[in-house]
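Participant: here you go, sequence then predicted model.
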Amino acid sequence: ANRITQQLKIMARLAVCLLALAVCAQAAPSTLRRGGYTQVVTASAPVCDQVPQYHCFQNPHAVIGNEHVASLADCCQLCTSSVHCMSWTYSNGWCKMYSDVGPTKSVAKTDPCVSGNSGPKPPPPPPSKGPNVVFLVVESTDGATWTPGYQNGVLDNNLPNIRKLQHMGVAFERHYANAPVCCPSRASFWSGRLPHHIRHMHNGIQVNGVWNNYEGLPGNYSNRIDQVLDRAGYNVMVSGKTDWSSGGHSLNVRLNSWTMSVAFPYNFSKGGWNDEGGTCGSNGTVKDGGEAPADKSTHSGDWATLNKTTAWITETAAKDPRPFFAFQGMNIVHPPYVTNSYWFNKIDPTKIEVPEWPKLEDLHPCDLQSSNLKGCIPSAETSEHFYSVDRRRRIRRIYLAMIAEFDAMVGAYMDAVKKTGRWDNTVWIVTSDHGDMQMAHQQHYKMVPKDPSASVPMVVADARNPRTSMLEYKSPTQLIDVFPTIMDFAEVPASLRPSVLDGQSLVPVLKDAAATAPTLPNFVVSMFAGCNIAMPWFAVVMKTETTTQKLIQWGTGKEVEPQLFDLIKDPGEKNNIYDATTAAPLEKALRSIVDYPTVALDIGKYNKESFRWWMNSTGPSWTEAIHANDLRWTSSWNQNPEGSLKAVYAWLNDTNTTALPPCRTGSVWPPTE
């Protein structure tokens, strides 16, 4: 009995010690010295070797990710959980991950960076039996541009590689971004969730969606497409632009987004209130070109990433028994509009259609304000140059030249896969994150619900079962459909997939589009609440037996008139045919997905909370910082600094919680008597 009692006392003491150790480990990461390194130790992550503080890795060509995380320990854990991450650098809440271990450099002690090596990797899962997947995402490409015959066939002879994929697969011609801006769009399709379903904490604020370029997936998110495929036995390579994480992009973008409801003063004769600088009024740039697709390219960074990734396909993935998933995000096609003469000269300017512009007073108030905020309303002095038809044609020519160069990049990937001998077991998905207005509706850039901004091209081709001719699929589809489509192609078991995905698999379309169409939803949704717009918007595109229509609701739906367009009869979205009866089916569909009046008011609340957080974190100098020289709206601010600051205070003090300020009309604000 005494022996048993003694053993029980020992076990009780041991339990107390273990409990105390667990509590301490959870409370904060600890560090242990080992040789010249420090080890980062956490309760939930393995050990990472850490180099001395202020000596950080410099591997610019080996970066595979840059994530916003809560702590150094989270950075260690994030790198260790990624099969390709060998080392990392943590600085100011950001975790930069590398595919190798490079040299270190000493940095100033004002930059509290820390670098380290990955902890031990978990054993890899068994190889998947699915096909290889090549997933390419280009920037800023209007959904109509890859369609055969687009603009008098201006690109028909300049997209040979995309055409090959289209002819062996499906061209999705009513494909939409769920949030037509870089980070929200990518966060959405990489997670398979609609923008208002990606809820997270940021700066101590509850954020109920990826509303702008500052909001994306949290740093500890673990169910992206690449992460699921990694766990399912794929050999994964992610390269180029990812841009899916919260905390990125410039202060300029954040302030523009948070203050969308501020009634800043403007005068169109002086250029209005410009958030974006001079790109909209520029001539674009054409530099001297070379004799080959990549020679003297103005997008050399994309080509460098391509060369690295295709080399991985031919030299590493080809020798691995696992199927590979290769992704590259390209920066090409994103403004500013720039190309070289090699590509510029491939575009026939006589085929380009220059969009007509209505009078400013005839624009919907929210369209007017987007033109204003994007710097697309010229001053009296620059008006003649801005409205030049030749200038607008040149901008479009440069834009199309960039798309033609991207096609050559697609071809380089096709050649790499053929070189491995795995062509017949590879699936191709090529699309864009959002579109670009390229002078339609007197705008450039994206952000708005018009088709050149919100629609994107997509081709899906399965080389295992190639079609004999192109299928042009005209029912609405959306970027969140990509996630379940890849899961089905890769035969990922349900136990490894996220429990909830908002999109639909498009794999059945490739097998039997006619039979599949009735089983898929006949509508898709898109939304945005960031910079270059004056109100949050929510859009639904629906196909009926006779036509395809788009309904756009601004704010809560009661501040300004909604917009309804017949996309078959009016592809340019020039004639608003809204009436409540005609729009009723679309309104019902939109509300079945998102309670947009409630969401719009929540966005208004988020904007004020975020702006106040910035004010408090900046301190009393915020009134100067808000129009610092490096912010793009500063020239507009400085035209009336007193009135600009007064408008901010008026917004902050507005206590109306049942509606948002409507998009304004008129060429001068405040209106003259």
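Facilitator: Done, it's in. Numbers count the residues shown, from 1 in each chain.

Participant: for the chain, which spans come out with low pLDDT?
Facilitator: 1-46, 513-518, 673 (pLDDT under 70).

Participant: same thing but at 90, please
Facilitator: For the chain, applying pLDDT under 90 flags the ranges 1-86, 91-114, 119-129, 219-220, 248-250, 277-279, 289-293, 468, 510-520, 672-673.

Participant: can you pull the buried residues of whatever helix or strand Gly604 lives in?
Facilitator: Element membership for Gly604, per DSSP states H and E: helix 596-618. For helix 596-618, a neighbour-count test (16 or more other C-beta atoms under 10 Å) marks 596-597, 599-604, 606-607, 610-611, 614-615 as buried. C-betas here are computed from N, CA, C, even on glycine.

Participant: what of stretch 225-239?
Facilitator: So stretch 225-239, judged by 16+ other C-beta under 10 Å, has buried residues 225-239.

Participant: center of this structure - which residue?
Facilitator: Centroid-nearest residue in the chain: Cys182, 2.7 Å away (criterion: C-alpha atoms, centre = their mean).

Participant: test my guess that that residue contacts Asp436.
Facilitator: No. Using C-beta atoms under 8 Å, Cys182 is not in contact with Asp436, being 11.6 Å away.

Participant: show me where the stretch 1-150 of the chain has its strands.
Facilitator: 30-34, 37-41, 48-50, 55-57, 63-68, 87-91, 94-98, 104-106, 114-117, 132-138 (DSSP state E, counting those that start in this stretch).

Participant: pipe the ones you listed into CSV and attach distance to Arg392 and mean neighbour count per row.
Facilitator: Below are the strands of the stretch 1-150 of the chain laid out as CSV (distance: least, C-beta to C-beta, whole Å; neighbours: other C-beta atoms under 10 Å):
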stretch, distance to Arg392, mean neighbour count
strand 30-34, 59, 11
strand 37-41, 55, 19
strand 48-50, 53, 23
strand 55-57, 46, 20
strand 63-68, 36, 19
strand 87-91, 43, 24
strand 94-98, 39, 23
strand 104-106, 47, 13
strand 114-117, 48, 24
strand 132-138, 22, 24
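
Participant: any chance of those strands in CSV, with distance to Asp451 too?
Facilitator: Formatted as CSV, the strands of the stretch 1-150 of the chain follow (distance: least, C-beta to C-beta, whole Å):
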stretch, distance to Asp451
strand 30-34, 54
strand 37-41, 49
strand 48-50, 47
strand 55-57, 44
strand 63-68, 32
strand 87-91, 41
strand 94-98, 35
strand 104-106, 47
strand 114-117, 46
strand 132-138, 17
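
Participant: number of nearby residues for Ile626?
Facilitator: By the measure other C-beta atoms under 10 Å, the count of residues near Ile626 is 22.

Participant: ditto for the one 5 residues further on
Facilitator: Residues lying near Leu631 (other C-beta under 10 Å) number 19.

Participant: what of Met414?
Facilitator: The burial count for Met414: 19, using other C-beta under 10 Å.

Participant: hmm, back to that, so how far is the very next helix or strand once past the helix holding Gly604 off the chain centroid?
Facilitator: Downstream of helix 596-618, the first helix or strand assigned by DSSP H and E is helix 622-625. When distances are taken as C-alpha atoms, centre = their mean, to the nearest Å, helix 622-625 is centred 29 Å away from the chain's centroid.

Participant: again with stretch 459-479
Facilitator: 23 Å.

Participant: from here on, count from 591
Facilitator: I'll keep to 591 as the first residue from here, and by that count the last item is stretch 1049-1069.

Participant: first vs last residue of that stretch, how far apart are they?
Facilitator: End-to-end span of stretch 1049-1069 (C-alpha to C-alpha, to the nearest Å): 12 Å.

Participant: for the biggest helix by length in the chain, buried residues please.
Facilitator: Longest helix in the chain, counting residues (DSSP state H): helix 979-1010. Neighbour counts using 16+ other C-beta under 10 Å place 981-1004, 1006-1007, 1010 of helix 979-1010 among the buried residues.

Participant: now do that helix: which elements does it pack against?
Facilitator: strand 722-728, helix 750-757, helix 890-905, strand 928-930, helix 931-934 (3 or more C-beta pairs under 8 Å, 6 or more residues apart in numbering; DSSP states H and E).

Participant: and the angle from the first one to helix 750-757?
Facilitator: Using axes from the mean of the first three to the mean of the last three C-alpha atoms, to 10 degrees, the inter-axis angle of strand 722-728 relative to helix 750-757 is 120 degrees.

Participant: what are the pairing partners of strand 722-728, and which direction each?
Facilitator: Sheet pairing for strand 722-728, assigned by DSSP bridges, gives strand 914-919 (parallel), strand 1016-1022 (parallel).

Participant: and the ones you listed: which comes nearest Leu841?
Facilitator: Closest approach to Leu841 among the strands paired with strand 722-728 is made by strand 914-919 (23.2 Å; C-beta to C-beta).
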